[in-house]
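Engineer: With the sequence up front, the predicted model follows.
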Amino acid sequence: MSVKLTTRKVGDVTVIDSAGRITLGEGSSIFRDTIRGLAAKGDKKLLLNLADVSYIDSSGIGELVSAFTTVTNQGGQLKLLGLTKRIQDLLQITKLYTVFEVYEDEATAVRSYS
Amino acid sequence: MQENRTGRTASVVSELESTLDSVDVAEEIVTIAARELGFAEDDQYRIGMAIRESVVNAVVHGNCYSRNKKVRLGVRKDADRLTITVADEGKGLDLASLPDPLATENLLNQSGRGIFLIKAFMDEFEVRKLEPIGTEFKLVKYLDRKL
């Protein structure tokens, strides 16, 4: 299963619920298009919920980084929510854990934008 | 697919098309071999990820998605280790020229983490130039070593 993304608003924060696999090919492009679309629309507070992402490869990690820089360059913030142990490990060994703000709890994450 | 069994050793060689579908096929073949050999689930995942990155490299950077070029996947099961080879028909890869993905200036690069993840997840990793053309990755994971 490729990645499936659905967006919802919690106050002025756009939560992007992701499920499936973010890997080279369709998964990566769906992810990229969605984030760029939201950034282009002017959404500045983005919270990416990865709790139901079962797998992410180096291309998927690249998409996370690209999303982060796209949103940051437009004056917005992209934060991560609900990392599985495996994604947490991947971000740690690639040193990206120091780049992203990561939350376990949605309410805390949403409050962190204000 | 060719299969060879000798004593406690079994090896399989598959020839794959240079497409992204082959990445999933290779990952599945190797993950099944890792499971059969007795690797724990986390190690199966790590081995699968390393193979995925190797085959992506072969398909995308080695063979450049060419219909005329194949990716050759070798899987060898010994009692204490799993050995995988991934060979392409590309121009070659200079490992030394790859930027360090952990360097501060490279942290926000979109690409360049595949080889790093292979090294992180496997016990041994070698790159060999093939004659007259191509590159072979050799990856080894031992049963009794922890990451």
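Structural biologist: Yep, that arrived. This structure is a prediction, so every number in the text was calculated from the model and none was measured.
Engineer: So what does the residue nearest in space to the middle of chain A have for phi and psi?
Structural biologist: Chain A has A:Leu48 as the residue nearest its centroid, 3.4 Å off, counting by Cα atoms, centre = their mean. Backbone torsions of A:Leu48, given as degrees, to the nearest 10, read phi -100, psi 110.
Engineer: Go ahead and confirm it touches A:Gly82.
Structural biologist: No. Contact criterion Cβ atoms under 8 Å: A:Leu48 and A:Gly82 do not qualify, at 9.1 Å. (Glycine included, C-beta is placed from N, CA and C.)
Engineer: How about the secondary structure of A:Leu90?
Structural biologist: helix (DSSP: H, G, I helix; E, B strand; the rest coil).
Engineer: Contact partners for it?
Structural biologist: A:Ile56, A:Ile61, A:Leu96, B:Leu117 (Cβ atoms under 8 Å, 6 or more residues apart in numbering or on different chains).
Engineer: mind redoing it with 7 Å?
Structural biologist: A:Ile56, A:Ile61 (Cβ atoms under 7 Å, 6 or more residues apart in numbering or on different chains).
Engineer: For B:Leu130, see how far away it is.
Structural biologist: 31 Å (Cβ to Cβ, to the nearest Å).
Engineer: Can you report how many residues neighbour A:Lys85?
Structural biologist: Residues lying near A:Lys85 (other Cβ atoms under 10 Å in any protein chain shown) number 8.
Engineer: right, and B:Arg72 touches B:Glu89 too?
Structural biologist: No. Contact criterion Cβ atoms under 7 Å: B:Arg72 and B:Glu89 do not qualify, at 8.7 Å.
Engineer: The two: which has the busier surroundings?
Structural biologist: Set side by side, B:Arg72 and B:Glu89 show more neighbours around B:Glu89, with 20 against 17, by other Cβ under 10 Å.
Engineer: nearest residue to the more buried one other than its sequence neighbours?
Structural biologist: B:Lys69 (4.1 Å; Cβ to Cβ, 6 or more residues apart in numbering or on different chains).
Engineer: Show me which residues of chain A are close to chain B?
Structural biologist: A:24-25, A:57-58, A:61-62, A:65-66, A:69, A:86, A:93-96, A:99 (Cβ under 7 Å from any Cβ of the partner chain).
Engineer: Tell me the helices and strands packed up against the worst-scoring helix or strand of chain A on mean pLDDT.
Structural biologist: Lowest by mean pLDDT, DSSP states H and E among the helices and strands of chain A is helix A:26-41, with a mean of 87. Judged by 3 or more Cβ pairs under 7 Å, 6 or more residues apart in numbering or on different chains; DSSP states H and E, helix A:26-41 is in contact with strand A:4-10, strand A:13-22, helix A:58-73.
Engineer: Got the confidence number for residue 13?
Structural biologist: Using chain A. We have a pLDDT of 97 for A:Val13.
Engineer: that's the wrong chain, I meant chain B
Structural biologist: pLDDT, B:Val13: 85.
Engineer: The least confident helix or strand of chain A vs strand A:4-10, what angle?
Structural biologist: Here the directions of helix A:26-41 and strand A:4-10 differ by 30 degrees (axes from the mean of the first three to the mean of the last three Cα atoms, to 10 degrees).
Engineer: count of neighbours near residue 91?
Structural biologist: Here I'm looking at chain A. So A:Leu91, with other Cβ under 10 Å, has 20 neighbours.
Engineer: Chain B is the one I meant
Structural biologist: A count of neighbours around B:Lys91, defined by other Cβ under 10 Å, yields 12.
Engineer: Is it part of a helix or strand, or is it coil?
Structural biologist: coil.
Engineer: For burial, what's the neighbour tally of the closest residue to it other than its chain neighbours?
Structural biologist: Nearest residue to B:Lys91, sequence neighbours excluded (Cβ to Cβ, 6+ apart): B:Ile133, at 7.1 Å. For B:Ile133, the neighbour count with other Cβ under 10 Å is 13.
Engineer: How about the secondary structure of B:Ile133?
Structural biologist: B:Ile133 is classified as coil under three-state DSSP.
Engineer: thought it was touching B:Glu89?
Structural biologist: Yes. Contact criterion Cβ under 7 Å: B:Ile133 and B:Glu89 qualify, at 5.7 Å.
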